[in-house]
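Student: generate a structure from the sequence data that follows.
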Amino acid sequence: MARAAAKKRGRPVNEVPYRELNGRASRARNPIDKLALEARAKMLGISVLDAKNQLAATFIGRLHMQYQAWEKRGPKDVPRPSECLSTREYDAATRFLDLHNDRLKVVQSEAAQYDNRPSGNADPDAVEEWARRINTEYKAVREAIQEAQNQNRSENLWAALDYCIIRDQPLSHMIGALRILCNSMARHWKIS
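Tutor: Down below sits the predicted model:
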């Protein structure tokens, strides 16, 4: 009888799949998996709050997050950390990734990431013009990278492009080459 009375005391607890940190039942349609965030934060060596940021998904994104933290932190007399990418450099890297994906679509590679949008009946002339424009732009960017490589013979810009940007491998010893590479692409595209 004591057990039956104990069960009826207090407010009944609603069984919900996810609760917020304050204990309130979450109303989110797709609540963030707390365990996955903690695992991502531990694996990357960042805080759980930073693990929620979409930039944390890629190596160049995490480098840009470090730049944003330095910018937000305050005094300009503190020098910029060497292991970060400025907004200009990050924009150039992401623009190259988009161009590289378009180039893979032009050559009909299986590695290309396609949109889920239906293409419908595309005009063959428009597709051919688009492919020509992508090939021209890709060749021009590669020439700009080669020019920067010729000026910086001690760094391997092509390896930084392949490993750090395209393959998304966190190789911290290539950050110097990555910054030179991104600056050369930003100059080519006139990103300010």
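Student: end-to-end on stretch 18-33?
Tutor: 9 Å (CA to CA, to the nearest Å).
Student: actually stretch 25-36, not the one I wrote
Tutor: Terminal residues of stretch 25-36 are spaced 19 Å apart (CA to CA).
Student: quick one: contacts of it?
Tutor: Outside stretch 25-36, the residues within contact range by CB atoms under 8 Å, 6 or more residues apart in numbering are 14, 16, 17, 18, 19, 20, 52. Every residue, glycine included, has its C-beta placed from N, CA and C.
Student: if we go to 6 Å?
Tutor: 16, 18, 19, 20 (CB atoms under 6 Å, 6 or more residues apart in numbering).
Student: what's the mean pLDDT across the longest helix anywhere in the chain?
Tutor: Taking DSSP state H as the criterion, the chain has its longest helix at helix 124-151. Averaged over helix 124-151, pLDDT sits at 96.
Student: can you give me the buried ones in that helix?
Tutor: Judged by neighbour count (16 or more other CB atoms under 10 Å), helix 124-151 contains these buried residues: 134, 138, 141, 144, 145, 148, 149.
Student: show the subsequent helix or strand relative to that helix.
Tutor: Per DSSP states H and E, the first helix or strand lying C-terminal to helix 124-151 is helix 157-159.
Student: tell me, how many residues neighbour residue 162?
Tutor: Residues near residue 162, counting by other CB atoms under 10 Å, number 13.
Student: now do residue 165
Tutor: By the other CB under 10 Å criterion, the neighbourhood of residue 165 contains 22 residues.
Student: ditto for residue 11
Tutor: With neighbours defined by other CB under 10 Å, the count for residue 11 comes to 5.
Student: what of the one 5 residues further on?
Tutor: As a burial measure, residue 16 scores 11 neighbours (other CB under 10 Å).
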